[in-house]
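Asks: pasting the sequence and the predicted coordinates here, then a few questions.
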Amino acid sequence: MTTKDFREKTAALDGLLGVGQCFDMTARDLTIGGRAARLWVVNGYAQEDILERVIAGWQSLPPLDELSDPEQFCRRYVSACDAQPVTDRHDAIMGVFAGKTLVVIDGFTGGLLLDVKHFPTRSVEEPDTSRVLRGSHDGFVENLMQNAALLRRRIRDPHLRLERIQLPERSATDVALCYMEGEADEDLLRELREKLAHLQAGSIAMSQESIVEAIAPRQFWNPFPTVRYTERPDVATACIMEGDVVMLVDNSPAALLLPTTLLRFNEEINDYYFPPLIGTYLQVIRTLVLLLTMFITPLWYLLVKNPDTLHESLHFLLVQDEYYVPLIIQLLLVELIIDVLKIASLNTPDVLSNSFSMLGALILGDFAVQARWLVPEVLVYMAFVAVANYAQHSYEMGYATKLCRMALLVLIWLWDWWGFAAGVVLTLVLIATTKPLVGKGYLYPLIPFDRRKLLRLLYRRPINRHNS
C-alpha cells in the first residue's frame, strides 16, 4: 500500500465513522515501527490506561520492513488479550461502533481491532420487580459481557454455551444464546438462529421487545404473552440447567426465557428458596389467585344481575345501597382508574409517592362512595383484584387476564349466562391458539402430553432430584 492509498483509505474511514462530525469519535495519527498509522476509538468506551500502555509499546518498535501481514503484527507486538485482524471495512466500522479500537498501519492489508472497551454501567443490584427473602441479591445489567459473566460464575460446566449473534440490518445489536449443549432442544436452537438471522427491524430501540415483535407470529388480537422475562441471574441459571435457552440482548437487563408455555408463568423463584412442601403450597395459592382475578368480578356481576336465581344463603352478595351508575359502568370504570393510577405512579417522584397513594385512596374510596359514583361492593372486589394481580410476576400475563376479565364483563352484560359461557370459551380459544416464538406449543406439556414435565411444573420437587 502506497502512502497515497493509505491516506485515501484513512480518509474514507474518517468519513464513514464521522470524524469531525461526531464529537465522541476520536482519531489519532501515530508512527509505528517507522510507518504511518491511524487509530479510531469512541471516546468513553476505551480503557485509557490499557490503550496508553499498548501505544507506548508501539512507539519503541524497530522498523517493520519485513512485516506486511496484520496477523503477524498482532502475534508479535499486540499485548491486548482480545485483538484480531480485520479486512472487511464494514466489520471494522461495526467494531468501532461496538466499542473496539481500530488501528490501520501503512503497508498492511486491513487493520487491527483491539477490544479494550469499558462500557459505562450500573451496579448488579437486585431488580425491584423480583425480590427474594433468601438467595442472591444481584441482577442483570445493560452490559452483555457482565450478564454473561454472572451466568458463567454460576454454571462452571464445559457444556455451557454462550453463542453470540449480531443482528442484521441497521441495529447490529449483539444477542447471546445461552444453553447447555446436549440438553437444549437442537430444533428449537436452529429455529431461533434462523429467525434472528432473517430479522427485519430497522431499529432495536426497545431492545428485547423490538426483537420479540420482529420475530413473533402476528397475533395482535391475542393478549397472552409469548415470552417470559427475568432480570435475575439465578432464574436464568435454573432455566439453562433444565434445558431451556436464555437470550441476552445487549443494552437490556431483561433476559428472554425460551421456550414459553402457559404453565411456566406459574413458576416463581421464591418457591425454590423454601422447602418443597411450602414451595408447592405457594404454587397452589398462585394458581388459585390467578383464577380468582380472572373470574371473581364477572361471577359476582352475573349473580347480582340475576338476583332471582341466587340462593337465599348468598343474598349477602347483593348490593344493599342505592346506586345510580350501572354496575357494568362502575366495574369497567374502576378497571380503567386502576390502570391510570399505575401509569401515574410510574411518573411520580419518589418523594411524592406516599402522598399520591393517599390521595388516590381517598378519591377512590370514601369520596367515590359518598358521591354515589361507586358502591362499596365494587370497591371491595376490585381492590382484591388489584392486589391479587401483584401475585403474578409477569406484567404481560397480568394484563392478559385483565383484558379477558373485561371482555367477560361486557359479554355478561349483553347475554347473561350465555355471555359468561361464551367468554370462557373465547378465553380458552385464545390460550389454545397462542403461538410462542419457538417451542412445542403454548399448552405444552399438556398438549402434546408429557407426564414428567407436567408433574415438574405442578408441584415443587426437591432440587437434588430436579433433573432426574
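Replies: Structure received.

Asks: for the stretch 51-200 of the chain, what spans make up the helices?
Replies: 70-77, 89-97, 144-154, 186-197 (DSSP state H, counting those that start in this stretch).

Asks: let's have those helices in JSON lines, adding distance to Asp250.
Replies: No exception for glycine: its C-beta is placed from N, CA and C like everyone else's. Shown next, in JSON lines, are those (distance: least, CB to CB, whole Å):
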{"stretch": "helix 70-77", "distance to Asp250": "25"}
{"stretch": "helix 89-97", "distance to Asp250": "12"}
{"stretch": "helix 144-154", "distance to Asp250": "4"}
{"stretch": "helix 186-197", "distance to Asp250": "13"}
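
Asks: so in this structure, which helix runs the longest?
Replies: Identified as the longest helix of the chain according to DSSP state H is helix 395-432.

Asks: could you point out the helix or strand that follows that one?
Replies: Following helix 395-432 in sequence order, the next helix or strand is helix 451-458 (DSSP states H and E).

Asks: hmm, who's touching that next one?
Replies: For helix 451-458, contacts defined as CB atoms under 8 Å, 6 or more residues apart in numbering pick out Leu263, Arg264, Asn266, Glu267, Gln283, Tyr444, Pro445, Leu446, Arg461, His466.

Asks: tell me which two in the residues you listed are the farthest apart.
Replies: Leu446 and His466 (20.5 Å; CB to CB).

Asks: now the strands for the stretch 251-400 of the chain?
Replies: 255-258 (DSSP state E, counting those that start in this stretch).

Asks: ignore what I typed, I meant the stretch 51-200 of the chain.
Replies: 83-86, 101-105, 111-114, 160-166, 174-180.

Asks: in JSON lines: these, plus distance to Ile32.
Replies: Shown next, in JSON lines, are the strands of the stretch 51-200 of the chain (distance: least, CB to CB, whole Å):
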{"stretch": "strand 83-86", "distance to Ile32": "14"}
{"stretch": "strand 101-105", "distance to Ile32": "6"}
{"stretch": "strand 111-114", "distance to Ile32": "10"}
{"stretch": "strand 160-166", "distance to Ile32": "29"}
{"stretch": "strand 174-180", "distance to Ile32": "30"}
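
Asks: what pLDDT does Val369 get?
Replies: Per-residue confidence (pLDDT) for Val369: 68.

Asks: before we move on, what about the one 3 residues further on?
Replies: The confidence metric pLDDT takes the value 70 at Arg372.

Asks: hmm, Tyr324 and it touching each other?
Replies: Yes. Counting by CB atoms under 8 Å, Tyr324 is a contact partner of Arg372 at 5.9 Å.

Asks: who has more neighbours, these two?
Replies: Shown here are Arg372 and Tyr324; by other CB atoms under 10 Å, Arg372 has more neighbours (12 against 6).

Asks: ok, now which ones touch that one?
Replies: Glu322, Tyr323, Tyr324, Val325.

Asks: can you pull the contacts of Lys402?
Replies: Lys402 is in contact with Thr293, Glu335, Asn389, counting by CB under 8 Å, 6+ apart.

Asks: which one of those sits closest to Asn143?
Replies: Asn389 (31.8 Å).

Asks: excluding chain neighbours, what is closest to the closest one?
Replies: Gly398 (4.8 Å; CB to CB, 6 or more residues apart in numbering).

Asks: buried set for stretch 15-35?
Replies: Leu17, Val19, Met25, Thr26, Ala27, Ile32, Gly33, Arg35 (16 or more other CB atoms under 10 Å).

Asks: same check on stretch 247-257?
Replies: Quick answer for stretch 247-257 (16+ other CB under 10 Å): Met247, Leu248, Val249, Asp250, Ser252, Pro253, Ala254, Ala255, Leu256, Leu257.

Asks: would JSON lines of those with pLDDT be doable?
Replies: Output for these, formatted as JSON lines (pLDDT from 0 to 100):
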{"residue": "Met247", "pLDDT": "94"}
{"residue": "Leu248", "pLDDT": "93"}
{"residue": "Val249", "pLDDT": "91"}
{"residue": "Asp250", "pLDDT": "87"}
{"residue": "Ser252", "pLDDT": "88"}
{"residue": "Pro253", "pLDDT": "90"}
{"residue": "Ala254", "pLDDT": "91"}
{"residue": "Ala255", "pLDDT": "92"}
{"residue": "Leu256", "pLDDT": "93"}
{"residue": "Leu257", "pLDDT": "93"}
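
Asks: model confidence over stretch 337-349, on average?
Replies: Mean predicted confidence for stretch 337-349 is 79.

Asks: wait, Pro63 touches Gly33, no?
Replies: Yes. Shown here, Pro63 and Gly33 form a contact pair, counting by CB under 8 Å, at 5.5 Å.

Asks: would you map out the domains in this protein?
Replies: 3-114, 144-258, 272-432 (automatic domain parsing).

Asks: could you dump those domains to JSON lines with distance to Arg452?
Replies: Putting the domains of the chain into JSON lines (distance: least, CB to CB, whole Å) gives the following:
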{"stretch": "domain 3-114", "distance to Arg452": "43"}
{"stretch": "domain 144-258", "distance to Arg452": "12"}
{"stretch": "domain 272-432", "distance to Arg452": "17"}
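
Asks: need the winner for burial among those.
Replies: Ranked by mean neighbour count, those are led by domain 144-258 with a mean of 18 (mean count of other CB atoms under 10 Å).

Asks: look at that one and report the distance between its end residues.
Replies: 18 Å (CA to CA, to the nearest Å).

Asks: try stretch 302-322
Replies: Distance across stretch 302-322, first residue to last, is 18 Å (CA to CA).

Asks: hmm, who's touching that stretch?
Replies: Trp300, Leu327, Arg372, Val375, Pro376, Glu377, Ile412, Trp413, Asp416, Trp417, Phe420.

Asks: if we go to 6 Å?
Replies: With CB atoms under 6 Å, 6 or more residues apart in numbering as the contact definition, stretch 302-322 has outside contacts at Val375, Glu377, Ile412, Phe420.

Asks: what about the third one, distance to Trp418?
Replies: It stands for Ile412. For Ile412, the distance to Trp418 (CB to CB, to the nearest Å) stands at 9 Å.

Asks: which of the buried residues of stretch 247-257 sit farthest apart?
Replies: Farthest pair in those, by CB to CB: Asp250 and Leu257, 17.6 Å.

Asks: show me the contacts of Lys402 that map onto helices.
Replies: Per DSSP H, the subset of the contacts of Lys402 in helices is Thr293, Glu335.

Asks: please state the offset of stretch 404-413 from the chain centre?
Replies: Relative to its chain's centre, stretch 404-413 lies at 30 Å (CA atoms, centre = their mean, to the nearest Å).
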